[in-house]
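**Q** Here is my input, please return the structure:
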Amino acid sequence: MAAAAVWVVIRSTLFLLVASSAFFHASGVQTSRHAKASPASAAVNSDGDGKKVYVVFTERQPAASSEMSELDIGATIKSFHHSLLSDALEYGTSTSAADRIVYHYTRSLHGFAARLTEKEKNNLAGKDGVLSIHERVVYRPQTTRSWNFLGLPLEGHRRSLPFEQDVIIGMIDTGVSMDSASFSDDGLAPPPAKWKGRCSESVKCNNKVIGAWGYKGGLGDDEITVEDEEGHGTHTASTAAGREVRNASLYGVANGTARGAVPGARLAIYKVCWGDGLCASEDILAAMDDAIADGVDVISASISGISVMEYSDDPVAIGAFHAMRRGVVTSVAAGNCGPMLGTVTNLAPWIISTAATSTDRKIVSKVVLGNGKHFLGNSINTFPDIVKRAPILDPGNWTTVQGARYKGAILLCPSVNSLEEHDLFTTGAVGFILPDDANESWSYSIPAAVVKRAQFRQILDYYNSSRHPVISIWNSQTVFDAEAPLVAGFSSRGPNLITPGILKPDISAPGVDILAAWSPNGAVSMGPDDDRRVPYNIISGTSMAAPHVAGAAAYVKSSHPDWSATAILSSLITTAKPINSNISEAEFAYGAGQVNPAGAVDPGLVYDASEADYIDFLCAQGYNSTQMAAVTGTNATCSWPTTSVADLNYPSIAVPVLNYGVGFRETISRTATNVGPAGSVYTAKVSSVPGIEVNVEPHELVFSAAREKRSFTVTVSGTLVRVDGRTGASASVVWSDGTHEVRSPIYVFAQQLSSFTSTDSCRCTAACQ
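**A** Next comes the predicted model:
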């Protein structure tokens, strides 16, 4: 499948669209540093000479000797790559195989990226040792109060986590600004001995940020910088593991102590997203290849796409599979294309896909009309010279605003799709009002107020009935929001369009109005005319939610360094706090609920899975040997008959049924591992809704020892009825020993996939959609 590139900015949040996902299977990726090949631009996938960037996965090449160094092994594998590619190049070409290669994946993955013509790609696909070929896929990037809200208070960090300083979080993003106090290394020991990474000359690493490297089409360290030119990567890194910084705020708004989940954890920065807005798949894979081999424990990647891809076509899923194999947890953004159904991306069961929710701190701006009536708008205004009272003007046709002059006025923007912020800025207006029923706040380059649509109509009535209508927009303040957590409207929704029987998103975390460190190179808003520069900024997106879950995973890893990536995923999901919301999409919106890092450290039971279990899952998915090889990098084969995808030992349960009003019965197997004390006895508690019956057999699990496993089945049956516009029916199984509550959400829904909004139709193209 291929789709044209579409690049957008939704309010102040970066969002990604996939530019191309063409994939080619070969008939039929180990590793040192990535050698610098001929420079290859990451801006587009064709340089005008008919060549495109392709990622080629190959069979694992055995090392010549177990005593060889990593560099020597890498050199041997690179020689194999050159030989393989030389035979595929067109006759008479003026460039060598070494010139064509962008990256060698020789450390964790197996393969290379190269610039090839269509004919050369087809030639290469027929070579022995080539498993699969992927055309470049392009991605784009999608805290004082938040950790307290998640039940991880500041004083909790004053007790030392056993292995806090041994945990390394790899951030795949837009780089880092080392000027931030959030990355101070005061009191930190040197990096742990397991660290094998490197630091670019463009930034000054320390004992907090222990590594930093950039990836842009194979360019060398002397040709690019890891410095964050936008702010996004600095924000996500400090959210996950920033040091404690008191009195952090955005011009006084949201003042408090900024910090990550594990302030003593180390950060490794892998810059793959650039000022041109592109995060290319070959760069992402190179970063993941390094991160895994460098010794990171957790990968946080706040990138997502709108084009759903099979796991065998998805570079993030492939990289994360290799991470899982090495015990590395991968946390990713669910996407910012909600609230349409079927828009969640990053669907592989070995990664954690995170939705965005609000905290109990809401940022509002007061709007006061000349008649005394006032409203609270959702916007972030931090302007020292804000005009408290100005005339209201309705420009009428917003397509003619460009070049107009409205100096000193506050404008009414009746359609959120009609606003071009630069055009508005050049009019000389001192503010604007627009309608939107969303609950999150955004920054703009001039004062603004985003009010509910009903409130906007009242403002219009006042404007039309007054001879000299005036209005005031105030700077922002924070208020308590008792309804939190609420799922953000922009957060992408399920179902999982690749495997409906795997619930996605997995979990929710704060992603609305998040204050965290910022780069001095980036403006407060995305407005091109905004010249404000700040050390801390407030932005929203599932990009902000993913590092919260990465931080929570690091928090668990700090207490349990021997746990597998799957065990940590399970602990986060089964201890998540259920979200009490009337939202119609239910678990399709928020997964298992709000992440609960303090509870995840002691989950009682975990649902663990091995690489072999995931291979069985791929077999049940119907993958052939070529697709299997693309994901696993091995010649794994399937045994027949295959199991059901529903039998993957996943901590949540999704039950797609034929349709509403049609009876169904589904039996699912699970195996729980005791990570609590010996002698634990767990009893099943079931909750459901009318029409849906849940039975667990056996009803009691007895564990005589730690790490002991016990299996059980869950049978879900009945008839799904659509009630109050809800998409499906929510239920759960909770195993309790009186101390631990191990909860598996169950979501039953009608498998009318043709009725779900295709992600190809999700085009968030307006600046203020």
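**Q** Name the residues linked to the most centrally placed residue in the chain by a beta bridge.
**A** Closest residue to the average C-alpha location of the chain: Ala333 at 1.5 Å, with C-alpha atoms, centre = their mean. Judged by DSSP bridges, the bridge partners of Ala333 are Thr354.
**Q** Please list all residues in contact with it.
**A** Taking C-beta atoms under 8 Å, 6 or more residues apart in numbering as the contact definition, Ala333 lies against 142, 301-304, 346, 353-354, 541-543, 545-546. In this view, the C-beta of every residue, glycine as well, is placed from N, C-alpha and C.
**Q** what's the closest of these to Phe588?
**A** Using C-beta to C-beta, Ser353 is the member of the contacts of Ala333 that lies nearest Phe588, at 11.8 Å.
**Q** Stretch 292-300 - what's its average pLDDT?
**A** Model confidence over stretch 292-300, given as mean pLDDT, is 97.
**Q** How far does that stretch sit from its chain's centre?
**A** For stretch 292-300, the distance between its averaged C-alpha position and the chain's averaged C-alpha position is 16 Å (C-alpha atoms, centre = their mean, to the nearest Å).
**Q** Output it as CSV - backbone C-alpha positions only.
**A** Provided in CSV are the C-alpha atoms of stretch 292-300 (Å, rounded to 0.1, in the frame of the first residue of the first chain):
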residue,chain,number,x,y,z
ILE,A,292,18.9,-2.1,21.9
ALA,A,293,22.6,-2.8,21.6
ASP,A,294,23.6,0.2,23.7
GLY,A,295,21.9,-1.2,26.7
VAL,A,296,18.7,0.8,27.2
ASP,A,297,15.9,-0.8,29.3
VAL,A,298,13.0,1.2,27.9
ILE,A,299,12.4,2.9,24.5
SER,A,300,10.0,5.8,24.3
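**Q** For that stretch, buried residues please.
**A** Judged by neighbour count (16 or more other C-beta atoms under 10 Å), stretch 292-300 contains these buried residues: Ile292, Ala293, Asp294, Gly295, Val296, Asp297, Val298, Ile299, Ser300.
**Q** So for the helix or strand containing Tyr614, what gets flagged as buried?
**A** Taking DSSP states H and E as the definition, one finds Tyr614 inside helix 611-620. Across helix 611-620, burial judged by 16+ other C-beta under 10 Å covers Glu611, Asp613, Tyr614, Ile615, Asp616, Phe617, Leu618, Cys619, Ala620.
**Q** now the third one: how far from Ser281?
**A** With distances defined as C-beta to C-beta, to the nearest Å, the gap from Tyr614 to Ser281 amounts to 21 Å.
**Q** Please apply the same query to the first one.
**A** Spatial separation of Glu611 from Ser281 under the definition C-beta to C-beta is 23 Å.
**Q** From what I see, Val298 and Val549 are in contact.
**A** No. In this structure, Val298 is not within contact of Val549 by C-beta atoms under 8 Å, at 9.2 Å.
**Q** Give me the common contacts of these two.
**A** Common contact partners of Val298 and Val549 (C-beta under 8 Å, 6+ apart): Ser331.
**Q** just for the stretch 651-769 of the chain, where's the confidence low?
**A** Scanning the stretch 651-769 of the chain for pLDDT under 70 picks out the ranges 753-769.
**Q** Touching, Arg60 and Thr634? I think so.
**A** Yes. Taking C-beta under 8 Å as the definition, Arg60 is a contact partner of Thr634 at 7.0 Å.
**Q** Touching, Arg533 and Leu250? I think so.
**A** No. Using C-beta under 8 Å as the test, Arg533 is too far from Leu250 to be in contact (11.6 Å).
**Q** Looking at those two, which is more packed in?
**A** The residue with the greater number of neighbours, taking Arg533 and Leu250 and applying other C-beta atoms under 10 Å, is Leu250; the counts read 23 against 14.
**Q** That one pairs with what?
**A** In this structure, Leu250 has beta-bridge partners Val253, where bridges are defined by DSSP bridges.
**Q** Contact partners for it?
**A** Taking C-beta under 8 Å, 6+ apart as the definition of contact, the neighbours of Leu250 are Ile380, Thr382, Leu515, Val524, Val534, Tyr536, Asn537, Ile538.
**Q** With Ala554 instead?
**A** Residues counted as contacts of Ala554 (C-beta under 8 Å, 6+ apart) are Val167, Ile169, Ala240, Ala241, Ala261, Val262, Ala265, Asp297, Val298.
**Q** do the same with Trp735
**A** With contacts taken as C-beta under 8 Å, 6+ apart, Trp735 has the following neighbours: Gly604, Leu605, Ala672, Tyr682, Thr683, Ala684, Lys685, Leu701, Glu741, Val742.
**Q** Which one of the residues you listed is nearest to Leu341?
**A** Scanning the contacts of Trp735 for proximity to Leu341, where the rule is C-beta to C-beta, the winner is Val742, at 28.8 Å.
**Q** and the helix or strand harbouring the closest one, C-alpha only, in PDB?
**A** Applying DSSP H and E as the criterion places Val742 in strand 741-750. Output in PDB follows, covering the C-alpha atoms of strand 741-750 (Å, rounded to 0.1, in the frame of the first residue of the first chain):
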ATOM      1  CA  GLU A 741      -6.300  -6.700  42.500                       C
ATOM      2  CA  VAL A 742      -5.100  -8.100  39.100                       C
ATOM      3  CA  ARG A 743      -7.600  -6.700  36.600                       C
ATOM      4  CA  SER A 744      -8.100  -7.800  33.000                       C
ATOM      5  CA  PRO A 745     -10.500  -5.500  31.100                       C
ATOM      6  CA  ILE A 746     -12.800  -7.300  28.600                       C
ATOM      7  CA  TYR A 747     -14.400  -5.500  25.700                       C
ATOM      8  CA  VAL A 748     -17.000  -7.100  23.500                       C
ATOM      9  CA  PHE A 749     -17.800  -5.300  20.200                       C
ATOM     10  CA  ALA A 750     -19.400  -6.000  16.900                       C
END
